[in-house]
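Colleague: I'll drop the sequence and a predicted model, then ask my questions.
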Amino acid sequence: MEVSEREILVVEKNPMLPQIFQIRSRKQETSDTFTLELEPVEAGVEFIFKPGQFNMLYVFGVGEVPISISGDPEKVSRVTHTTRMVGTVTKAMGKLKKGDLIGVRGPFGSSWPVDKCSGCDVVIVAGGIGLAPLRPAIYYILRRRENYNKAILLYGARTPDDILYKHEIEKWKSRFDFEVYVTVDRGTSGWKGNVGVVTTLIPRAPFDPQNTIAFVCGPEIMMRFTALELIKRGVSENNIFISMERNMKCGIGLCGHCQFGPVFVCKDGPVFSYSQVKNLIFKREI
């Protein structure tokens with residue numbers, strides 16, 4: 001079958017069978033966090049995803065791990081992942097270099113409701129590496145900036161050295177239509193910015209709580225307190241969305257590893273409204 005240059009090659013894939021991607025570039029973001037830009041080995045394949053979705057990345061001979069997609073949804077010729085080296089698979093992934101191969105399954109899961117925010121203030125709250133799953137939503141919103149009212153990023157990191165995407169954050173700060181506030185838990189010599197957890201930024205952020213949709217991603221404890229602070233400010237719990245990170249193995253709701261009460265994070269999430277999970281997120285046994 002001949003395919004014209006303008007046609008998209010669509011290949012029906014077994015969701016459990018990884019596609020082979022090649023590492024196009026690798027960037028060390030912080031001491032323990034790196035970004036891989038991948039491109040499919042198979043010619044003509046476009047990788048289409050929605051902001052907030054994740055892939056299962058397979059390091060050959062080691063294992064597989066779920067990683068949120070952190071690149072631009074408009075750039076369908078490649079896919080980007082920012083990862084922290086915390087386990088066997090991600091540590092092995094951190095040793096890969098340009099030209100190496102990796103398996104990719106996905107994209108899987110729900111997404112940030114970026115299309116439903118038209119005409120609203122959008123508040124994005126990120127903690128640590130939680131900025132990575134939110135970055136595609138930021139790209140999406142900034143490319144369609146006229147569709148939204150205020151756009152605000154509140155970002156917290158442990159120290160100045162742990163801030164992700166430093167150069168990109170500086171570019172975002174230079175925009176007149178995107179308000180960016182950064183804080184660190186512990187300041188160091190030379191740091192002249194905010195010091196304190198990210199929730200301390202919420203009371204003074206300039207948004208209209210009655211017309212705000214919030215996206216939140218970070219450690220679960222951070223998301224719990226961020227949601228409570230947003231509600232205290234007046235944001236409806238139906239308009240607060242969080243991204244859960246759980247022990248996902250299959251990506252399609254078969255294995256049960258990521259069961260979270262009555263839902264599966266890989267299939268029903270990872271993005272949930274706070275009202276969906278508010279009764280579950282405070283229970284330690286879940």
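Modeller: On my side now, so go ahead.
Colleague: okay, now the domains of the protein?
Modeller: According to automatic domain parsing, the chain comprises the domains 19-108, 114-277.
Colleague: Any idea which of the ones you listed has the lowest pLDDT on average?
Modeller: Per-segment confidence across these bottoms out at domain 114-277, which has a mean of 92 in mean pLDDT.
Colleague: Check the separation of the first and last residues in that one.
Modeller: This stretch, domain 114-277, spans 20 Å end to end (CA to CA, to the nearest Å).
Colleague: hmm, back to that, any chance of the domains of the chain in TSV, with mean neighbour count too?
Modeller: Quick note: C-beta positions are derived from backbone N, CA and C, even for glycine. Compiled in TSV, the domains of the chain are given as follows (neighbours: other CB atoms under 10 Å):
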stretch	mean neighbour count
domain 19-108	18
domain 114-277	18
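Colleague: all helices of the stretch 1-150 of the chain, in order?
Modeller: 88-93, 131-143 (DSSP state H, counting those that start in this stretch).
Colleague: ok, now which ones touch the nearest residue to residue 173 once chain neighbours are set aside?
Modeller: Here the nearest residue to residue 173 in space, its sequence neighbours aside, is residue 180; by CB to CB, 6 or more residues apart in numbering that works out to 4.7 Å. Contact analysis of residue 180 by CB atoms under 8 Å, 6 or more residues apart in numbering lists 152-153, 155, 169, 172-173.
Colleague: got it, and residue 27?
Modeller: The contact partners of residue 27, by CB under 8 Å, 6+ apart, come to 34-35, 37.
Colleague: circling back to that earlier point, which one of the contacts of residue 180 sits closest to residue 67?
Modeller: The shortest distance between residue 67 and any of these, using CB to CB, involves residue 155 and amounts to 19.6 Å.
Colleague: okay but the closest one is in contact with residue 179, surely?
Modeller: No. Contact status for residue 155 versus residue 179: not in contact, 11.4 Å apart, counting by CB atoms under 8 Å.
Colleague: how about the helices of the stretch 1-150 of the chain in TSV, adding distance to residue 277?
Modeller: Supplementary listing: these in TSV, determined by distance: least, CB to CB, whole Å:
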stretch	distance to residue 277
helix 88-93	25
helix 131-143	16
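Colleague: Model confidence for residue 284, exactly?
Modeller: What the model reports for residue 284 is a pLDDT of 55.
Colleague: I misspoke; the intended subject was residue 112.
Modeller: 97.
Colleague: Tell me which residues touch the most centrally placed residue in the chain, please.
Modeller: What sits nearest the mean C-alpha location of the chain, by CA atoms, centre = their mean, is residue 133, with 0.4 Å. If you count contacts by CB under 8 Å, 6+ apart, residue 133 has them with 52, 54, 68-70, 217, 243, 270.
Colleague: got it, and residue 129?
Modeller: 33, 82, 84, 164, 218.
Colleague: let's see 6 Å
Modeller: residue 84 (CB atoms under 6 Å, 6 or more residues apart in numbering).
Colleague: Distance of it relative to residue 243?
Modeller: Distance check for residue 129 against residue 243: by CB to CB, to the nearest Å, it reads 11 Å.
Colleague: before we move on, the earlier item: now go through the contacts of residue 180 and say which are in helices.
Modeller: With DSSP state H as the criterion, helices contain 169, 172-173 from among the contacts of residue 180.
Colleague: Okay, and the beta partners of residue 125?
Modeller: With DSSP bridges applied, the residues forming beta bridges to residue 125 are residue 154, residue 216.
Colleague: Distance-wise, check it relative to residue 141.
Modeller: Taking CB to CB as the criterion, residue 125 is separated from residue 141 by 14 Å.
Colleague: same question, residue 197
Modeller: Plainly put, residue 197 is 24 Å away from residue 141 if you go by CB to CB.
Colleague: Unless I'm misreading it, residue 102 sits right up against residue 19, doesn't it?
Modeller: No. Contact status for residue 102 versus residue 19: not in contact, 9.8 Å apart, counting by CB atoms under 6 Å.
Colleague: what about residue 140, distance to residue 117?
Modeller: Here the criterion is CB to CB. By it, residue 140 lies 10 Å from residue 117.
Colleague: For residue 53, give me phi and psi.
Modeller: Note on residue 53: its backbone torsions stand at phi -80, psi 170 [degrees, to the nearest 10].
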